[in-house]
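*Asks:* Here is a sequence with its predicted model. Questions after.
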Amino acid sequence: MSISEMGVRPAAPPRRTMRALRDRRDELTSRVALGDQAAVERQHRLGKRTARERLDLLLDEGSFVEIDLHRKGSTGAATDGVVAGSGTVEGRRVFVYAQDFTIAGGSLGAAHAAKIHKVLDLALDTGSPVVALNDSGGARIQEGVLALDGYGGIFRRQVEASGVIPQIAVVLGPCAGGAAYSPALADFTFMVRDTAQMYLTGPDVVRAVSGERVTHDQLGGADVHGGRSGVASFVHDDEESCFADVRYLLSLLPGNNLEPPPAAADRGPGDDLRPALADLVPVEPNQPYDMRAVIGELVDDGEFLEVHEGWAGNVVCALARIAGEVVGVVGNQPLVLAGVLDTSASQKAARFVRFCDAFGIPLVTLVDVPGFLPGTEQEHGGAIRHGAKLLYAYCEASVPRVQVILRKAYGGAYIVMDSRSIGCDLSLAWPTNEIAVMGAEAAVNVVHRKQLAAAPDPAELRAVLVAQYADELMHPYYAAERGLVDDVIDPAETRSAIARGLAMLRDKRRRPPARKHGNVPL
Ligand code: HXC
């Protein structure tokens, strides 16, 4: 017979003992929570924060729930160099792990990897975004193949979770070798200047193989990846501004692909006129202007989060809200390379379109495009292959899609930029739009080459033919009369027309045909 069956209640431990236990636990926790003091000081000297300080910046105060604090691996230190768990951002759940450089350089061994696997599994099981804070010397050399195996398990889980939960990587220190594939598999990658580096082979190997001498930063610093390779979606000067933007990004994303994107509680007016828009875009087709100013006029509070701001500036990709609803905006940028599409712009926009489509974010495409960038460098660099990615991404997207043609829309680039023919739901055009195979001058030179060569005054004839061509083919209603544009709108009404269009399309449901998967031209 047990004590409870005898009706005798076991005595509660004396209060003093409970307090002593708590104190002991706190003492142990504070001892295991970080690497040694010298390593922490070094981290701070380098302008970096510790894993826990970073989690404080990322998460709502007091929301962090740690898992596997006491787990040990080959380092013998609790946490095994990665702080893992879950917390909230603006009250919404996220899963996180933060590599701790103060313990064995944040290197990844079997236990460290198992903790990350657990976080990824929990994020997927609960349908919550995952944020990875990378600061690591890579595979823990002493653990050999076990460390490599650990990375494999991370990659496999990331791919399984792709398109199901948003994945964000924040690179805050070294991220070398195959480890760099983890941020590369994420939906968005943040990097901090001076302290973050990513590369597959470091400067020593580069020098040994090719004799080239480069610094860590020249090889794989934030500006290299934010401006040239396109690996980093966001680049920041410091960790504070970086985490502020991670929080902002999360506020625009659903927890998973089955949830709608988070609409603003105060949806704001969607029917207000924006007369400034007409002045922002010059009528003259070759005059540059800043597409970001147009986006600022169209979206709520003029606020948007530009992705890949420093890379392929000839196309702008941004997340924002219109009348409270999250939208993904893609716009040609006449300020950079006259807004042509090239290999980088196609890849940038294609990846953004696919992300938005995977997470139910409607697409608004602002078109002012003179065509594709000509030249051997582009053609030999696979302009056709990369352009096909953008075309594929748009054709496949089943979210609501609104196209607005602001000015030029020439040739194949017009078709690729979410034209009616590849499946946009609503195409709107400003009265100044010029939808054509090419500009009037170029068209006349091709079509009337022989006539012009034989003319006594070719310049005069060219002027007549250009005017004729523009009159017949480039007036605003040519496409609208043929159903390729749904409406010709006053520029001032663009925001309200988009808002009305998105409201009309809110219940859009289009399912792709059954197949294992398409063969996107990767
Ligand atoms: C074990 C490591 C480590 C590693 C760093 N440390 N990297 N321990 N395995 N990969 C330890 C160091 O020995 C040191 O321990 C502490 O972390 C801090 O490192 P330092 O070298 O003092 O720091 P720093 O001068 O800032 O240099 C950072 C570094 C350098 C550039 C990252 O540590 C480095 O080059 N590490 C090796 C990088 C690497 O080659 N990793 C493997 C990549 S391949 P003590 O005890 O002295 O404090 C890879 C494959 C992935 O990751 C494959 C996926 C499929």
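*Replies:* Cool, got the structure.
*Asks:* quick one: pLDDT of whatever residue of the stretch 401-522 of the chain ends up closest to the ligand?
*Replies:* Residue of the stretch 401-522 of the chain nearest the ligand, by C-beta to the nearest ligand atom: Leu522 (19.7 Å). For the C-beta atoms, the positions are set from N, CA and C on the backbone; glycine is no exception. On pLDDT, Leu522 comes in at 93.
*Asks:* any idea how far it lies from Gln347?
*Replies:* 10 Å (C-beta to C-beta, to the nearest Å).
*Asks:* which neighbours do these two share?
*Replies:* Counting by C-beta atoms under 8 Å, 6 or more residues apart in numbering, the common neighbours of Leu522 and Gln347 are Lys389.
*Asks:* And these two? Which one has more around it.
*Replies:* Gln347 (22 against 8; other C-beta atoms under 10 Å).
*Asks:* hang on, isn't the more buried one packed against Ala388?
*Replies:* No. Shown here, Gln347 and Ala388 do not form a contact pair, counting by C-beta atoms under 8 Å, at 10.7 Å.
*Asks:* In a strand, Ile384, correct?
*Replies:* No. Ile384 is assigned helix when assessed by DSSP: H, G, I helix; E, B strand; the rest coil, not a strand.
*Asks:* burial count for it?
*Replies:* For Ile384, using other C-beta under 10 Å, the count is 13.
*Asks:* Let's see the pLDDT reported for it.
*Replies:* So Ile384 comes in at 96 (pLDDT).
*Asks:* Would you check how far apart it and Val336 are?
*Replies:* Taking C-beta to C-beta, one finds Ile384 at 22 Å from Val336.
*Asks:* now swap in Val170 and tell me
*Replies:* Counting by C-beta to C-beta, the gap from Val170 to Val336 is 27 Å.
*Asks:* For the two, indicate the residue with more neighbours.
*Replies:* For the pair Val170 and Val336, the greater number of neighbours falls to Val170 (28 against 17), based on other C-beta under 10 Å.
*Asks:* Backbone torsions only: list them for that one.
*Replies:* Dihedral pair for Val170: phi -120, psi 110, per degrees, to the nearest 10.
*Asks:* For it, name its beta-bridge partners.
*Replies:* The bridge-partner assignment for Val170, based on DSSP bridges, gives Leu133, Phe190.
*Asks:* Can you name the residues that contact it?
*Replies:* Contacts of Val170 (C-beta under 8 Å, 6+ apart): 131-134, 189-190, 242-243, 246.
*Asks:* how many neighbours does Val164 have?
*Replies:* Residues near Val164, counting by other C-beta under 10 Å: 15.
*Asks:* does it count as helix, strand or coil?
*Replies:* Val164 is classified as coil under three-state DSSP.
*Asks:* For it, give its distance to Ala383.
*Replies:* Taking C-beta to C-beta, one finds Val164 at 32 Å from Ala383.
*Asks:* again, but for Phe155
*Replies:* Distance from Phe155 to Ala383, by C-beta to C-beta: 30 Å.
*Asks:* what's the answer for Glu160, then?
*Replies:* For Glu160, the distance to Ala383 - C-beta to C-beta - is 33 Å.
*Asks:* Among the two, which residue is more densely surrounded?
*Replies:* Ala383 (19 against 12).
*Asks:* got the contact list for the spatially closest residue to that one that is not a sequence neighbour?
*Replies:* Nearest residue to Ala383 in three dimensions, chain neighbours excluded: Thr343, at 5.3 Å (C-beta to C-beta, 6 or more residues apart in numbering). Thr343 makes contact with 378, 381-383, 386-387 under the criterion C-beta under 8 Å, 6+ apart.
*Asks:* Go again with 10 Å.
*Replies:* Counting by C-beta atoms under 10 Å, 6 or more residues apart in numbering, Thr343 touches 312, 372-373, 377-379, 381-387, 389.
*Asks:* do the same with Ala208
*Replies:* Thr201.
*Asks:* Relative to Ala139, how far out is it?
*Replies:* In terms of C-beta to C-beta, Ala208 sits 19 Å off from Ala139.
*Asks:* Ok, Asn257 next?
*Replies:* Asn257 is 31 Å from Ala139, by C-beta to C-beta.
*Asks:* Counting neighbours, go ahead and name the busier of those two.
*Replies:* Ala139 (23 against 15).
*Asks:* So for that one, what's the pLDDT?
*Replies:* 95.
*Asks:* Dihedrals phi and psi, it?
*Replies:* phi -60, psi 130.
*Asks:* That one bridge partners, please.
*Replies:* Leu108.
*Asks:* can you list the residues of the stretch 351-500 of the chain near the ligand?
*Replies:* By C-beta under 6 Å from any ligand atom, no part of the stretch 351-500 of the chain sits against the ligand.
*Asks:* residues near the closest residue to the ligand within the stretch 201-350 of the chain, how many?
*Replies:* Closest approach of the stretch 201-350 of the chain to the ligand (C-beta to the nearest ligand atom) occurs at Gly202, with a separation of 6.2 Å. When neighbours are counted by other C-beta under 10 Å, Gly202 registers 17.
*Asks:* what sits against the residue of the stretch 251-400 of the chain found nearest the ligand?
*Replies:* When scored by C-beta to the nearest ligand atom, the stretch 251-400 of the chain has Arg351 as its residue closest to the ligand, at 22.3 Å. Arg351 makes contact with 187-188, 230, 233, 307-308, 317, 389-390, 393 under the criterion C-beta under 10 Å, 6+ apart.
*Asks:* And Pro374, by the same measure?
*Replies:* Here Pro374 is in contact with 340, 342, 383 (criterion: C-beta under 10 Å, 6+ apart).
*Asks:* Verify the stated contact: the last one with Ala413.
*Replies:* Translated: Ala383. No. Look at Ala383 against Ala413 with C-beta atoms under 10 Å: they stay out of range, at 11.1 Å.
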